[in-house]
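Colleague: give me the fold of what follows.
(one chain, ligands or ions: 1)
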Amino acid sequence: MRHSISDTSALILDRRSISPERFSGRKVHREIVEQVLHHATWAPNHGLTQPWRFHVFMDEGATQLMAHLSEAYSLFAGEAAMASKAEKIKMRGERCNAVVALGLAHDAGGRFPLWEDQAALAAGVQNMHLMCTAHGIGGFWSTPKFLAHPKAKSTLGFEDDVLGMGLFYLGYPEGDWPSKGHRKPLEYVTRWTNT
Ligand SMILES: Cc1cc2nc3c(=O)[nH]c(=O)nc-3n(C[C@H](O)[C@H](O)[C@H](O)COP(=O)(O)O)c2cc1C
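Modeller: The predicted model follows:
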């Protein structure tokens, strides 16, 4: 055995999506964000395409990001926009000092299909989330539709050929770590063949 099975299992099962509304406001340090992102880059990726791109918004940068995204939401939703939702988005920038915009640099004419690079990015995000969990930091991958609005895209600041893959919020949770969620039993999702 190369690693503690019980520690590894506990880490994976303990990982939870914790939304910024449940963050305490305690700041996440830049060194931790760097460590978290470093581990993202060690995710498997077919052909070593290393398709992940990150734009880290910290402190005042996170506050401004979420204020701009709140405006992008209102523009995107138009008449259907809800003031409460716009305020919620803005408040995330007050509650959370570290937001990572996730980007995907996929070579459309290259050897590997889009889904493989997306899978690699998702594996990277899982690594991020597990590292956060080890630190007692909550992570939250958010993929709202309004990120497709030109104002949101320009705010995130990726090159034109980088696909937006959502936001990853980091923050220490207020109070207790959330309890375990729910999953279907393995027999519902698995078929075995032994011959
Ligand atoms: C690709 C991806 C996108 C997600 N986008 C959102 C989102 O936009 N809003 C949200 O509330 N949760 C989002 N989630 C988090 C899921 O809701 C969460 O993983 C699920 O409820 C299971 O909870 P757990 O992560 O605590 O196990 C996303 C998860 C993934 C993998």
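
Colleague: excluding chain neighbours, what is closest to Q64?
Modeller: Leaving out its chain neighbours, the residue that sits closest to Q64 by C-beta to C-beta, 6 or more residues apart in numbering is G93, at 7.2 Å. C-beta coordinates here come from the backbone N, C-alpha and C atoms, glycine included.

Colleague: now swap in Q35 and tell me
Modeller: Nearest one to Q35, counting by C-beta to C-beta, 6+ apart, is M131 at 6.5 Å.

Colleague: relative to the ligand, how far out is that neighbour?
Modeller: From M131 over to the ligand the distance is 15 Å, taken as C-beta to the nearest ligand atom, to the nearest Å.

Colleague: report pLDDT for that residue.
Modeller: At M131, the model reports a pLDDT of 98.

Colleague: can you tell me how far it is from I32?
Modeller: According to C-beta to C-beta, to the nearest Å, M131 and I32 sit 8 Å apart.

Colleague: need the residues of the protein near the ligand, please.
Modeller: Listed as neighbours of the ligand in the chain under the rule C-beta under 6 Å from any ligand atom: R16, S17, W141, S142, T143, P144, G166, G181.

Colleague: for the protein, longest helix please?
Modeller: helix 114-135 (DSSP state H).

Colleague: pull that helix out as PDB, backbone CA atoms only.
Modeller: C-alpha atoms of helix 114-135 as PDB (Å, rounded to 0.1, in the frame of the first residue of the first chain):
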ATOM      1  CA  LEU A 114     -13.400  18.200 -27.100                       C
ATOM      2  CA  TRP A 115     -14.900  15.800 -24.600                       C
ATOM      3  CA  GLU A 116     -11.500  14.400 -23.700                       C
ATOM      4  CA  ASP A 117     -10.100  17.900 -22.900                       C
ATOM      5  CA  GLN A 118     -13.300  18.600 -20.900                       C
ATOM      6  CA  ALA A 119     -12.900  15.400 -19.000                       C
ATOM      7  CA  ALA A 120      -9.300  16.300 -18.200                       C
ATOM      8  CA  LEU A 121     -10.400  19.700 -16.900                       C
ATOM      9  CA  ALA A 122     -13.000  18.100 -14.800                       C
ATOM     10  CA  ALA A 123     -10.400  15.700 -13.400                       C
ATOM     11  CA  GLY A 124      -8.300  18.800 -12.600                       C
ATOM     12  CA  VAL A 125     -11.200  20.400 -10.800                       C
ATOM     13  CA  GLN A 126     -11.700  17.300  -8.700                       C
ATOM     14  CA  ASN A 127      -8.100  17.500  -7.700                       C
ATOM     15  CA  MET A 128      -8.600  21.100  -6.700                       C
ATOM     16  CA  HIS A 129     -11.700  20.200  -4.700                       C
ATOM     17  CA  LEU A 130      -9.900  17.400  -2.900                       C
ATOM     18  CA  MET A 131      -7.000  19.700  -2.000                       C
ATOM     19  CA  CYS A 132      -9.500  22.200  -0.700                       C
ATOM     20  CA  THR A 133     -11.200  19.500   1.400                       C
ATOM     21  CA  ALA A 134      -7.800  18.500   2.900                       C
ATOM     22  CA  HIS A 135      -7.400  22.200   4.000                       C
END
